[in-house]
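Q: sequence? don't have it. structure:
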């Protein structure tokens, strides 16, 4: 029986599970429903994860006894006590004698982006976070709990900003903007205020505002003043997050990878990425700015292999995961 | 014909005041109860609280418990949507047969308590922020005031969030240094802002804690901290912007209009903020008379009830009678 490791990227809306042999060759990739412990609660999240891991192992042809280590990176593990608590829940729920590790999902994106080498990742999905991996293996990131922890600029915050600006354009508090038309079309409402009321009544989930981000980019690209201001603030914000991290670890190597991840960045138009890259050069001149090319679950596999003392398979894991992802 | 009895209710998120008065404006009794926020306790419970207040004021005024109440005006926090207003008014009408029932957002209490002239505007800035304008013909324009989702910024809650935002960013290097950071640590008796924010996660009294950061903001501002100054300057801008847009929508010309500022954020007596707001009003809405509300909001609800009786804003005589008789009554417990 050949031993295997399992890597997990558990998000709010989907869970990726990958199984690899000890030499880093990827045997199976499975996607399942979201399993964020923050959203579902520890036990329910662990239950979802149990099912997805089992199907991935079946696909890989690996028996339960073969699993040597499981590395789980989950959305919502933000506070220091969250990761150990969820690990305990997984140890109760999962039927494997493997070692289990848990961490925040930003770490998986960091590992997938840098292959485990020193570097920086910015993840701009529904929320926003950035993380730096230093030479000494230490990681520096942000608390990332939203506005009260100093955050602005994830997809949801951008969507809220669009709604905020559109309401004010409609009622006269703010400047006229094409964002009004964007909101009316996207949610099929007759007035922006109607959308505010629908959200308040619970008929529309506030999380759906994230869908306004592509339209925000489009209007900014067309020169809409209010939309441009929001997008310029995002450029400044990402740059500021990177600058503060780099100041904390001044010994980053030349040409270190600076990886842009999360839908609000990976699906941003080319002109935005060019503007952002130019601004990032002003605070990190030698960085190699690039989009995240691998799924974060590849980073989870790297961590699972490292857990078992297997280092140095980064390239193979990343390449294999890429092949399997594109082949699906 | 026996005198008409009017019940005026001013409801907040935490406490509710009620007055029983006659049609001439004399206050007969007052009483106090807990929350009448539909968001917190639900509409049936709000009706129950108003009913209990009726029993209290009728007893205090020496009226029989089944005395006919002719008019009920309830100006309540968290009544934001038209449907909420209609539903609660219908429920109260069932409870008060034969009475004219009016339910409005609490911003109307400020408008009625403060305006000396028919036309003008009112801004209420407590936990949240709202503004309303009323034209001489009775046309009003107010905001939905649901928070960020309806375009708002600037109540004590959002100011508290801004304080933590700035303090967090000063600590982690994303933002400029600010003395807000150290005031926050002192207020929470913690050694890092990160620790403060972690502690607040999931706290049941999170909103109270955030709203309670207002003294932190004014203290840092008084020291000349630029970050705190920017936040309070933005508040002054916002107050004037909300007022101006509402007056434009309600077709109220600034000249000769009253602008009433109410709510503890605007009436706390912090001079730099007050001066900044007055300056901006003089610049943007010249000719308007800006005043800070001194009457309690429940007097506004009473004036609204009297206004409904008289078909328009009441005159000086009735208003003076109301205030004088209110002062003679003991404080409600």
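A: Perfect, thanks for sending it. Since the structure is predicted, the reported quantities are computational estimates derived from the model, not experimental observations. Numbering: from 1, shown residues only, chains lettered A, B, ... in the order given.
Q: rest of the way, CA atoms for contacts and neighbours
A: Will do.
Q: hey, where'd the helices end up in the stretch 1-150 of chain B?
A: B:38-41, B:43-60, B:82-95, B:107-114 (DSSP state H, counting those that start in this stretch).
Q: The shortest one and chain A, are they touching?
A: No. Using Cα under 8 Å from any Cα of the partner chain, no contact is recorded between helix B:38-41 and chain A, whose separation bottoms out at 10.9 Å.
Q: tell me how far that helix is from the chain's mean position?
A: Mean C-alpha position of helix B:38-41 versus that of the full chain (Cα atoms, centre = their mean, to the nearest Å) differs by 17 Å.
Q: can you give me the helices in chain A?
A: Using DSSP state H, the helices of chain A run over A:37-40, A:42-60, A:82-93, A:105-114, A:155-171, A:179-187, A:192-201, A:213-221, A:225-248, A:263-266, A:270-283, A:296-307, A:314-327.
Q: now those helices in CSV, with distance to residue B:196, mean neighbour count and mean pLDDT?
A: Conversion of these to CSV gives the following (distance: least, Cα to Cα, whole Å; neighbours: other Cα atoms under 10 Å in any protein chain shown; pLDDT from 0 to 100):
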stretch, distance to residue B:196, mean neighbour count, mean pLDDT
helix A:37-40, 20, 18, 92
helix A:42-60, 24, 19, 96
helix A:82-93, 17, 17, 96
helix A:105-114, 22, 28, 94
helix A:155-171, 22, 24, 97
helix A:179-187, 36, 18, 98
helix A:192-201, 29, 20, 94
helix A:213-221, 31, 20, 98
helix A:225-248, 21, 19, 97
helix A:263-266, 29, 20, 94
helix A:270-283, 30, 16, 97
helix A:296-307, 31, 29, 92
helix A:314-327, 38, 17, 66
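Q: out of those helices, nearest to chain B?
A: With Cα to the nearest Cα as the measure, helix A:155-171 is the member of these nearest chain B (4.2 Å).
Q: what's that closest one packed up against?
A: In terms of contacts (3 or more Cα pairs under 8 Å, 6 or more residues apart in numbering or on different chains; DSSP states H and E), helix A:155-171 is packed against helix A:179-187, helix A:192-201, helix A:213-221, helix A:225-248.
Q: Tabulate those helices (CSV), appending distance to chain B.
A: Listed next are the helices and strands packed on helix A:155-171 as CSV, based on distance: least, Cα to the nearest Cα, whole Å:
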stretch, distance to chain B
helix A:179-187, 12
helix A:192-201, 5
helix A:213-221, 16
helix A:225-248, 5
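Q: so which of the ones you listed comes closest to residue A:16?
A: The minimum distance between residue A:16 and the helices and strands packed on helix A:155-171 falls on helix A:213-221, with 24.2 Å, by Cα to Cα.
Q: other SSEs contacting the closest one?
A: Against helix A:213-221 (3+ Cα pairs under 8 Å, 6+ apart) you get helix A:155-171, helix A:179-187, helix A:225-248.
Q: can you put those helices in a markdown table and add distance to residue B:168?
A: Formatted as a markdown table, those follow (distance: least, Cα to Cα, whole Å):
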| stretch | distance to residue B:168 |
| --- | --- |
| helix A:155-171 | 17 |
| helix A:179-187 | 30 |
| helix A:225-248 | 12 |
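Q: among the ones you listed, which is nearest residue B:156?
A: For those, the distance to residue B:156 is smallest for helix A:155-171, at 18.2 Å, taking Cα to Cα.
Q: Run through who's touching the closest one.
A: A:124-128, A:174-177, A:179-180, A:183, A:192-193, A:207, A:209-213, A:216, A:226-227, A:230, A:263-264, B:148-152, B:245 (Cα atoms under 8 Å, 6 or more residues apart in numbering or on different chains).
Q: Near the residue in the stretch 201-333 of chain B that chain A sits nearest to, how many other residues are there?
A: Ranked by Cα to the nearest Cα, the top residue of the stretch 201-333 of chain B for proximity to chain A is residue B:245, at 5.2 Å. By other Cα atoms under 10 Å in any protein chain shown, 21 other residues sit near residue B:245.
Q: Verify the stated contact: residue A:191 with residue A:184.
A: Yes. Residue A:191 lies in contact with residue A:184 (Cα atoms under 8 Å); the separation is 6.4 Å.
Q: now residue B:6, which residues is it bridged with?
A: residue B:21, residue B:71 (DSSP bridges).
Q: is the spatially most central residue of chain B in a bridge, and if so with what?
A: Nearest residue to the geometric centre of chain B (Cα atoms, centre = their mean): residue B:124, 4.6 Å. Counting by DSSP bridges, residue B:124 forms beta bridges with residue B:130, residue B:262.
Q: Quick one: residues contacting it.
A: Contacts of residue B:124 by Cα under 8 Å, 6+ apart are B:107, B:110, B:130-131, B:261-263, B:266.
Q: could you measure it against chain A, distance?
A: Distance of residue B:124 to chain A, given as Cα to the nearest Cα, to the nearest Å: 16 Å.
Q: near chain A, which residues of the stretch 151-300 of chain B show up?
A: Contacts of the stretch 151-300 of chain B with chain A, taken as Cα under 8 Å from any Cα, map to B:151-152, B:161-162, B:164-169, B:172-174, B:194, B:197-198, B:241-242, B:245-246, B:249.
Q: Please list the members of the residues you listed that lie in helices.
A: B:161-162, B:164-169, B:172, B:194, B:197-198, B:241-242, B:245-246, B:249.
Q: beta partners of the nearest residue to residue A:238 once chain neighbours are set aside?
A: In this structure, residue A:238 finds its nearest non-sequential neighbour in residue A:122, 7.4 Å apart by Cα to Cα, 6 or more residues apart in numbering or on different chains. Residue A:122 forms beta bridges with residue A:130, residue A:260, as assigned by DSSP bridges.
Q: now the helix or strand harbouring residue B:318: how far from the chain's centre is it?
A: Secondary structure from DSSP states H and E places residue B:318 in helix B:316-328. In terms of Cα atoms, centre = their mean, the centre of helix B:316-328 is set 21 Å apart from its chain centre.
Q: what's it in contact with?
A: So helix B:316-328 is contacted by B:24-28, B:299, B:303 (Cα under 8 Å, 6+ apart).
Q: Go through those residues and name the one nearest chain A.
A: Among these, and counting by Cα to the nearest Cα, the member closest to chain A is residue B:303, at 28.3 Å.
Q: On the three-state scheme, the closest one is what?
A: Put simply, residue B:303 is helix when judged by DSSP: H, G, I helix; E, B strand; the rest coil.
Q: Tally up the residues packed near it, please.
A: Neighbours around residue B:303, by other Cα under 10 Å: 26.
Q: Repeat that for residue B:282.
A: 15.
Q: Can you check the distance spanned by stretch A:194-213, start to finish?
A: Terminal residues of stretch A:194-213 are spaced 20 Å apart (Cα to Cα, to the nearest Å).
Q: what's the nearest residue to residue A:281 if we skip its chain neighbours?
A: Distance criterion Cα to Cα, 6+ apart; nearest residue to residue A:281, sequence neighbours excluded, is residue A:287 at 7.1 Å.
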